[in-house]
Structure formats: C-alpha cells, structure tokens
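Participant: Sequence first, predicted coordinates after that:
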Amino acid sequence: MKFKYSFLLAIMLAFVLVLAACGDDDDVASDPEDSDPDDSTEQESDDETDDEPEVSDDDEVLIYARGGDSESLDYASTTDGESSRVTKQIYESLLDFEDESFDLKPGLAHDWDVSDDGLVYTFYLEEDVTFHDGTDFNADAVKTNFERWSGADDTYSFEDDGYVYSMYGTMFGGFDGDDGHVIDEINVINDHEIEFVLSEPLGFFLQNMAMSYFAITSPAALEEYGPEINENPVGTGPFEFVSWDRDDQIVLEKFDDYRVEGLPKLDGVIFEVIPDNSSRLISLNSGEVHIMDGLNPDDAAGVDAAEETVLYKRAANNFGYLGFQHEKEPLDDVLVRQAINHSIDRQAIADALYAGYAIPAANPVPPGYLGYNDDLEPYEFDLDRAAELLEEAGYADGFEIDLWTMPVARPYMPSPETVAEIVQNDLAQIGIEANIHREEWAPYLEKTDAGEHELFMLGWSGTNGDPDYFLGALLHSSNIGSSNASYYSNEEVDELLDQAKRAVEPEERAELYAQAQEIIYEESAMIPLVHSEPVLASLSNVQNYVPHPSTSESLAEVELQ
Amino acid sequence: MLAYTTRRLLIMIPVLFGMTLIVFSIVHLIPGDPARVILGETATEQAIADLRESMGINRPYFVQYGIYLADLAQGDLGTSLRTNKSITSEIGPRIAATFELTIFAMIFAIIIGINAGIISAWRQNSWFDFSAMIFALVGVSMPVFWLALMEQWIFAQELGWLPSSGRQSSLDPIEPITYFFVLDSILHMDFERTISVLKHLILPSVALGTIPMAIIARMTRSTMLEVMKSDYIRTVRAKGSGQFLVIYKHALRNAMIPVLTVIGLQTGVLLGGAILTETIFSWPGIGRYVYEGINYRDYPVIQSGILVIAFIFVIINLIVDLLYAYIDPRVKY
C-alpha cells in the first residue's frame, strides 16, 4: 500500500515532467495551432510563410476580445451593447450609420422617401439579397420583423418565452395599441418597396431605422427556430453564425453570398470573452487576439507607444453630469446653479479619471450630434465668479447639501466616488458643504426618479444617435419622475423639444435643438461634466478597423496584413 | 461504514435545505428592484414593468421560494434570466471546466506540496527547509490575481511560451464529448490538441494551486516532524531500514491524515471559489458562471450555482472522511 502511494507520486511527477518538456519543445520547434498567433507579434513577417496552421491554410480569422459575453443574439429583445456588437456582423438594418458618426447611409434600403407631412416613409429595398439560410430578403420580411416587435399577439413575438422588445417601445413610443405608438400601418407595396405610415411625425424615425436593434431577421428562421432564435441568428449581414460557447466565444464565418461584392474581407471573426482588462491587454500583447475593447485609460499611453499595437478612440457618445433637483431649495435658484457650475473643475476630472481620454462637456448632448451647439463653451472654472454669484443669490456663507453619488461605475463615470470627492472639494472652496450620500444602485435610480435627492450624479449613453434621446429624455418635463431626474421643467424648452421631435427636416431640427441647448446652458439646468472617449487597441496588422460611437461597428472592411 | 455513509448522506439534506433558504434570502434582500438594475438608467417604466413580469419577481417572496423548491425537487435548477436557458444544462460544462482546472491545480499542489513538506521535515533546519518554508509563506500570502497577472505577463507576453487565457485555442476548438477537454482530445485521438489544452492548463493551475500547495507543504512538514519523533519510527530505524523507506513507507501514512483533511478542504474551496482565477484566465467554469450571474442579478443562476457548489463541497468532505478509514485502518466508524 505504501509503495502504491509513492509509486503513484513518482508517476505523476514523471507525467508532469514529460508534459512540460513536450510542451516547450513543441512551441520552439514546430507549429501547433495555438502558437501561431503567438508568433505574429514576435516575427511579424515570416510567420505567415512558415507557420501555417493545418486547419485554416490561408484563412484570415480575426479574434476580437471583450470583457463580457453577449446576452442574446436576438438584437431586438436586448439592450446589451455586447449583443449588438456581434449581431451587427450578422444582421443589417434598412439604413446604416456612417463609419464614424450617426449620419445615415443606405443599408438594406438603397433609397427612401418621406412625405411632406412627415407621416409616410417609403423604403426602396435592395434586390437579389438572400439571408444566410438561402431565403430571399423582401418587403414581407421587413413587415414580419416589425410586427414581431410591435404586437404581443404576433406568432413570432415569443412573449411566453420572456421576450421583451424594450428598445422598440422606447424608440417608437410604445407597442401596438398604445397611445404613443407612432407606427400606424406597414404596407408592402411590392417585393422591394415598403411603406410605413405614422400616426404623428417622428423626427428621428430614420435614425431609428439605422439602429442595429431594428435589423431584419429571416422569417424562415423565425419559423424554424422559434424562441431559440436568440441562439440561431440568421440575417443578411457579411458574416454568418457558426457557434456560441457561453462566456467563452462566438464564432462567425464569411457569408459567401453577401450582397456587396468583395466583402467581407475576413474569412471569419471570433468574439472572445476575457473579463479582466489587464489580462485582455496581455492577450493582445502576446498576439493571441487582434482587437481588444475596454482598455484601461491608464494603459493607453503604453499601447500607443508600442510598435506592435495601435490605439483607437471611440467618438464620445455619452456624458456624465452633476444634476440639480430643481424643486429643492436652494437649487431652484439659477444663480446658485450657475455658481456651482463655475466651481467645478472639469479638466481635473477628465485628467484624474480618464487619463485625458475625455472631453470637458458644455452640453447635455455628445459633440458631433445633430444640432450640437458649438457656440457654447463649458462654464469656466472660476471660483471668484462662483463666490460672487453665490453672494448675489444671498448665500454668501454657503450652505450644506447632500451630494448623491452613484455606487457603480459606468462608461461615462468610471469612478463615481473620485468624482464626488473632486466635486466636494471644489464646492468647499466657495463655502458649500457637500455631504456624500450613498445608495445601492437600484434604490439610487428609484429615489432619484422619485425626487428624493438634491445634488446628484448620473449620466446617459446614446443609442440611435439622435439628440432627442438625450435632451428629450433628460430635460423634457413630461419625463419628470423617470429619466428627467433633474425635475427640470421649462415651457420654452419643452416647446422647442416638441417641435424638434415632430420636425422632419434635419436643418430645422438642428436649429431647434441648438436653441434649446442655449436656454439649458443659460439656466445652468444641469452640469455636464465630461464626454468619455473609450479607448481600445489592436495589433498593428489589423487594417481598416474604425470604432463606431455606438460600440457596434461592422467588421466587413477589416483585414489582416 | 455503510451506516456511517448513510448517516452522512442524510445529514446533507437539512444542510442543503438550509443553503437554499439562506441563498434565496440573501439574493432577495439586496435592496432595490433587479429589473431596474438590469435595465439601468436609460430604462423606461414600461420596459421595467415588462421585465419584472417576465422575471416573475412581481410575485410574493414566499411564493417565489416555494416555486423554486418545487422545481428543485424535480431536478430543475431553474432558468437563467440572462440566457433564458435551463441552468441544469448550462451548468454541466461549467462544472467540467472547473473540475479539470481543479484536478490539475491539486495535482500540482499535492506533488510539490507534499514532497517539499517531507524533505523539509527530513532535513529540518537545512537551507532547503528554510527556503521551502519561506516560499510556502509567500505562497500563502500572495494574492492570486497578482500571481496570475505576473504569470501571464512573463510566460505569455514576454516569453511567449504559454497561452495567456482560455481553455483551448479559439481558432481550433475541440468538439466536446465529456467537456473535460484533456479527455475529449484524447478520445478524439487528437494529441496535438491534447498538448494545446494542457498548455492552456498550466498557468491557471499553477496560479490556483499555489495557495493549497503552500498550505499542504506546511501541514506535511509539521505532521511529519511529529510522526518522526514517535516511538515506532525509532523502532523501524532500529531495525535498520533506510531513511527513504522509513519516511515514505512508515512515517508518511500516519502523517497523511491531517494533510488529507487539508487537501479535501482545499479541493472544495478551489471547486467553488476559483472566481478570481477563472475570471483572469477567462476560464468558463462555475466560479465565472456565478460571477456573471451576480453581475446580471441573475437570481436563479446565483441560487443554483451556489447550491451546486455547496453540494460539491459537502460531497468532497464526505469522500475525505471515508478516505480516512482507507488510509488509517485504526479509524473506525
């Protein structure tokens, strides 16, 4: 018995030694499949020629590493960015966004018309487009998809399986039968022409049509997979779905019959989950992955300096703000709000938290959005002016106030506690004593909805690239009690926002939103702090990769060198 | 022995029952509406209401618990809110991944730990003893995430010898049979993949095995020292047995019992608590599963994940207890 034990030990030891030896040998001498990416950084040029994996001879497969897995591959029933990042490759919408902005370009519809009253939208669809399952894309397919999202009774709504299309409800004012629901009728004119009749004009209707949340799924696949459609996506996009291992990887391969000749350039894409930011960077540096999202801003300088890696910035699509509960004294006084606005050092926040990868914000809309008011500059950091205003308001000795601090990090606010301390410090200099108030995340949101707060921190991230999604949600009085946590109510602003929401002409809308921003700015309705610009990195052999502000970019043009 | 085993198995029932109640309560006592947390700040009221409905959290607390228990009794661990799939089917591959990692980590820990402990005891106060014990102290104190990142940095990034994360090469995945990838690749007679999988196992196993290794080494050393002083060892020596035989044949068996307890406990800990290692090495095991569940407030996953971990822990303890009798015939139940 005793011999058995020591013998077993010896065997195990020997096994481990052999293993270690054979692992090392192999890596140095020849070409197992996984040492292939390893080599690409170290010996960039000759690894292509002498180190070819046996499975995929000339296949160019890009590995995209990210922090979390997709929730579902049914884009319409989730609001998760990690999901649309993947579905963007598999599916297409009627319209599409330009590479680096939310400007519109054709998608599955090559052209479109809007009636003068803004109530009828006609889309002219691409012909000879097939879904990955071989069925034809046509106007009926579009109608089927929209009916699926709008009607709970629809065959494909899968309501009993827990499918909820919240983005549809948000963007189109509710569902079939709801008062605010704007899509009245969908008429198929012929195979390649479809008409949407609205109950009232919706200025951002076209923006919505470009969102990856409203892409088109093959009706045949809806029939075939039913509620399992979230794991069996079938679209018209450049890549088709192969497999999904939860919390590990999603594998896509090139769709050979893609409607655009010569695209995609890659033979496949693998979305890999590596939860830890530092580990993900190591995987990139060791050449195991090609692109990584979610780089720590502090690591950006190193990535930029290294020859093997390239640094990217995503255009800002969010902002973090310091808000006022306008119904509470003394925050109802415009002078006090302006004083506080002048006392906040935005640049210090951008530097401390984002390693400089953030823009001090002037408006509650990201720059580059339609109607963004370029004339306005962030309130100058000027403590003397702040003290003056405070004195004018009758608070020369300052006052005490609660500063509600978010308990969770968000992209627009990676370290709320630090921001709170900077703000607290700034306010102390003009005699305002801010007490940091903490809540769990859900109660935080519920209580700010209910108006229990005073000074508070929150933020907002864009989806359809339309200013209404920011200004309307955050500052229209009809949203008090939900997204308008500022309890801000200004008839003039409401009127401008209403007009802009109904207007169809982009120029007209831009003008209205610019006016609204001016009032909001003058009134110091809220203090936009910064727009963060998330950083990401790739190996230097990745070509044509352009990060989109929505976080979902098509990889059709990307290639490996 | 049989009676003992039965008794131990029966005790598990109230333990597990208590676990369900505690886990269920903790998860539901977190303040706030989970639907709100999941949807975040940009959610509309309608969306929140819809999600509450589909999650079933608008029902009273005890009704939810009752439904949960009833399902559990039928072997149904519930449905994940995040993926909308049966947890029973999702958790299997996760357990396999964690078991595989744990097995390799424990092999590493046991081989190095026990032998280091034995040699330290044998050559007490030698330079080996001192350096091994200092190393063990460092091993116990070292934060796992730091060790893991250092390993990745040195062996993946700088030297390029080993892959930094994952279970296998993502370009060339194995078709799973048992979800134990080492075994699967052998069953496929695909030994190149076996090597690839083993290489993926090295860094996480070492990171995960370091703390148990250090604990085992220290425990082995101290119990060996005690046993070596006992009378029967003196007698064995007097008979003229060689030093190697004295230690490995006579002393080790008696010294093993406390060590075995430690090994059992540590195995249990690794099986359930490898969250950090699994996260840093992107290992799709059960620790990660629960971690992702917590991130998403996926109640059923948190509940069932913890329950499964507790179950494994209890089973491992049972096995350890039964092993005592095997190793030391003096132990009777």
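Facilitator: Alright, I've got the coordinates. Remember, it's a predicted structure, so these values are computed and weren't measured experimentally.
Participant: what residues does the strand or helix carrying residue A:121 touch?
Facilitator: Using DSSP states H and E, residue A:121 maps to strand A:120-125. Residues outside strand A:120-125 that contact it (CB atoms under 8 Å, 6 or more residues apart in numbering or on different chains): A:94, A:108-115, A:137-139, A:142, A:189, A:191-198, A:205-206, A:209. Placement of C-beta: from N, CA and C, glycine included.
Participant: repeat that with 6 Å
Facilitator: Strand A:120-125 is contacted from outside by A:94, A:108-114, A:192-197, using CB atoms under 6 Å, 6 or more residues apart in numbering or on different chains.
Participant: Which residues lie in contact with whichever residue of the stretch 401-550 of chain A sits closest to chain B in this structure?
Facilitator: Residue of the stretch 401-550 of chain A nearest chain B, by CB to the nearest CB: residue A:442 (2.1 Å). Contacts here follow CB under 6 Å, 6+ apart; on that basis residue A:442 touches B:32, B:33, B:36, B:37.
Participant: Can you check the residues you listed and name whichever has the most neighbours?
Facilitator: residue B:36 (23 neighbours; other CB atoms under 10 Å in any protein chain shown).
Participant: Check the secondary structure at the residue of the stretch 51-200 of chain B at minimum distance from chain A for me.
Facilitator: When scored by CB to the nearest CB, the stretch 51-200 of chain B has residue B:169 as its residue closest to chain A, at 3.6 Å. Three-state call for residue B:169 (DSSP: H, G, I helix; E, B strand; the rest coil): coil.
Participant: do residue A:482 as well
Facilitator: Secondary structure assignment for residue A:482 (three-state DSSP): coil.
Participant: Pull the distance from stretch A:531-542 to the chain's centre.
Facilitator: 15 Å (CA atoms, centre = their mean, to the nearest Å).
Participant: mind listing what's buried in it?
Facilitator: A:531, A:532, A:533, A:534, A:535, A:536, A:537, A:538, A:539, A:541, A:542 (16 or more other CB atoms under 10 Å in any protein chain shown).
Participant: Can you tell me which of those is nearest residue B:149?
Facilitator: The shortest gap between residue B:149 and any of the buried residues of stretch A:531-542 belongs to residue A:537, at 17.2 Å (CB to CB).
Participant: so, in contact with chain B or not, the helix or strand harbouring that closest one?
Facilitator: Applying DSSP H and E as the criterion places residue A:537 in strand A:535-539. No - against chain B, strand A:535-539 shows no contacts by CB under 6 Å from any CB of the partner chain, the least distance being 13.0 Å.
Participant: one step back: pairing partners for the strand holding residue A:121, with directions?
Facilitator: Using DSSP bridges, strand A:120-125 pairs in its sheet with strand A:109-114 (antiparallel), strand A:193-198 (antiparallel).
Participant: Only alpha carbons, please: show the following helix or strand past that strand as CSV.
Facilitator: Next helix or strand after strand A:120-125 toward the C-terminus (DSSP H and E): helix A:139-150. Extracted in CSV, the C-alpha atoms of helix A:139-150 (Å, rounded to 0.1, in the frame of the first residue of the first chain):
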residue,chain,number,x,y,z
ALA,A,139,-40.6,43.7,-48.1
ASP,A,140,-42.6,40.9,-46.4
ALA,A,141,-39.6,40.0,-44.3
VAL,A,142,-39.4,43.6,-43.1
LYS,A,143,-43.0,43.7,-42.2
THR,A,144,-42.8,40.4,-40.4
ASN,A,145,-40.0,41.7,-38.2
PHE,A,146,-41.7,44.9,-37.3
GLU,A,147,-44.9,43.1,-36.5
ARG,A,148,-43.0,40.8,-34.3
TRP,A,149,-41.7,43.6,-32.1
SER,A,150,-44.8,45.7,-32.0
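Participant: Can you tell me the centre-most residue of chain B?
Facilitator: residue B:271 (1.7 Å; CA atoms, centre = their mean).
Participant: right, and that residue touches residue B:102 too?
Facilitator: Yes - in this structure, residue B:271 is within contact of residue B:102 by CB atoms under 6 Å, at 5.2 Å.
Participant: how far away is residue A:543 from residue A:559?
Facilitator: 5 Å (CB to CB, to the nearest Å).
Participant: wait, residue B:76
Facilitator: Residue B:76 is 47 Å from residue A:559, where distance means CB to CB.
Participant: In terms of pLDDT, where does the residue in the stretch 101-250 of chain A positioned nearest to chain B sit?
Facilitator: Of all residues in the stretch 101-250 of chain A, residue A:166 sits closest to chain B, at 3.5 Å by CB to the nearest CB. You'll see residue A:166 listed with a pLDDT of 80.
Participant: Enumerate every residue touching it.
Facilitator: With the criterion set at CB under 6 Å, 6+ apart, residue A:166 makes contact with residue B:47.
Participant: hmm, 8 Å instead?
Facilitator: Counting by CB under 8 Å, 6+ apart, the residues that residue A:166 touches are A:79, B:39, B:43, B:44, B:46, B:47, B:50, B:51.
Participant: In CSV, list those along with distance to residue A:119.
Facilitator: Formatted as CSV, the contacts of residue A:166 follow (distance: CB to CB, whole Å):
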residue, distance to residue A:119
A:79, 28
B:39, 31
B:43, 29
B:44, 24
B:46, 24
B:47, 26
B:50, 28
B:51, 32
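Participant: Show the low-confidence segments of the chain, by residue range.
Facilitator: Answering for chain A, as no chain was given. For chain A, the stretches with pLDDT under 70 are A:1-58.
Participant: Let me rephrase: I mean chain B.
Facilitator: B:1, B:273, B:331-333.
Participant: The top helix by length along it: which residues count as buried?
Facilitator: The single longest helix within chain B, with elements called by DSSP state H, is helix B:191-228. Residues of helix B:191-228 classed as buried: B:192-225, B:227-228 (neighbour count, 16+ other CB under 10 Å).
Participant: other SSEs contacting that helix?
Facilitator: With contacts taken as 3 or more CB pairs under 8 Å, 6 or more residues apart in numbering or on different chains; DSSP states H and E, helix B:191-228 sits against helix A:2-29, helix B:87-122, helix B:127-141, helix B:144-151, helix B:181-187, helix B:252-273, helix B:275-280.
Participant: got the domain boundaries for chain A?
Facilitator: If you go by automatic domain parsing, the domain ranges for chain A are A:5-90+A:237-314+A:535-560, A:95-219, A:318-532.
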